[in-house]
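**Q** fold the following.
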Amino acid sequence: MVDNTATLDIYPWHKSVWQRLISQHSQSRLHHALLLTGHQGIGKSEFGRFFAAFILCQKTAKTEPCGQCKGCLLRLAGNHPDQLILAPEDKSRFIKIDEIRKANTFLTNKAQMNGYKVVLITEAGALNINAANALLKNLEEPAPKTLFILISDQPGRIPATIRSRCYQVQLALPEDEEIRKWLSLNCPQTDAQHDLVIALSDRAPILAQQLLEEGGLKDRQNVIKGLVMLHKRKLSAIDVAQEWQSMDVVATLDWMLVWINDLIRYAVSRDEKVIKNQDMLVFLSKIVHLILPDELYLTMDRVQKLRQAIIIGHNPNKTLLLERILLDWPNCFRQA
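**A** Down below sits the predicted model:
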């Protein structure tokens, strides 16, 4: 696996945590297993990979990987013999026991670069029960100079026996102003667009950047437009489902859930600050008296169940199921 840390630096909102960990390492106090947690989209995987790179770097006096030593060059080429990266197998939700057995073999062998051996588990919440049990022995009795780096935005899915043997590192969300400054340097959009993606991403900078650069805002616009036209009875459920065919179905359902949440929150509280789709406030204020929260809650439940079914590998007729959900959408509003 080719490493993707060649052009990475520590994100500004991670620097204090980074300094703490490299200080622990320099004082030989670094725990043998780190569990990196925090909100999705704040750069946990990048942090974990960069810290693994730091540990494997052969330069002695350093505060980050040098990128030039033999260890760094091997890692960048994806050939470092003392690094193992584990993730769910293709088309699987889980990290299975065979992957942990691979790690056991890896850890049994002596480090070839005479330094640390690093096991990076990028989605630790995906460990199935057998894999977690197999990993536990290595965490309980680690070999010298072995570092485990587990990464998860859902640490509650990791068995308590695993969590209790890790040093948990919470990577916090940055303040809005820090996100704006970072987005201004990396995404040359308007301040209004920056504020919108900050709200839509729940202040997760990497997600905010992806929304600006990977077409997420266009998909959001298409979802809201379809629901508005359906609410106004200018399009049918079949029409809207057909127009959404070109979009990823899970992303479509996610945007639908964001819009439903905004409708419910605004109907209940009339508080503009709780709305993620800040550019839709004028429209919301015009239809708020028509919103039926109880019906929206039922629709939200159906959308969440469909989303989960798709994620866990069921292969339903997506168009048909979208149509069924959309058929009930006008019932979520009083007639004007």
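
**Q** in stretch 62-81, what counts as buried?
**A** 64-65, 69, 71-72, 74-76, 80 (16 or more other CB atoms under 10 Å). From N, CA and C alone the C-beta is placed, and that goes for glycine too.

**Q** distance to residue 306 for those - can I get that in JSON lines?
**A** Shown next, in JSON lines, are these (distance: CB to CB, whole Å):
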{"residue": "64", "distance to residue 306": "44"}
{"residue": "65", "distance to residue 306": "43"}
{"residue": "69", "distance to residue 306": "50"}
{"residue": "71", "distance to residue 306": "47"}
{"residue": "72", "distance to residue 306": "45"}
{"residue": "74", "distance to residue 306": "45"}
{"residue": "75", "distance to residue 306": "41"}
{"residue": "76", "distance to residue 306": "41"}
{"residue": "80", "distance to residue 306": "42"}
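
**Q** of the residues you listed, which belong to helices?
**A** Assigned to helices by DSSP state H, the following of the buried residues of stretch 62-81 qualify: 71-72, 74-76.

**Q** so residue 320 sits in a helix?
**A** Yes. Under DSSP: H, G, I helix; E, B strand; the rest coil, residue 320 falls within a helix.

**Q** number of nearby residues for it?
**A** By other CB atoms under 10 Å, the residues close to residue 320 number 9.

**Q** also residue 23?
**A** 12.

**Q** again, but for the one 3 residues further on
**A** For residue 26, the neighbour count with other CB under 10 Å is 12.

**Q** how much space between it and residue 60?
**A** Computed with CB to CB, to the nearest Å, the distance linking residue 26 and residue 60 is 11 Å.

**Q** now do residue 133
**A** 38 Å.

**Q** could you do residue 21 as well?
**A** Taking CB to CB, one finds residue 21 at 17 Å from residue 60.

**Q** so for these two, which sits in the more crowded spot?
**A** residue 21 (21 against 6).

**Q** backbone phi and psi for the closest residue to that one other than its chain neighbours, please?
**A** Nearest residue to residue 21 in three dimensions, chain neighbours excluded: residue 51, at 6.5 Å (CB to CB, 6 or more residues apart in numbering). Main-chain torsions, residue 51, degrees, to the nearest 10: phi -70, psi -40.
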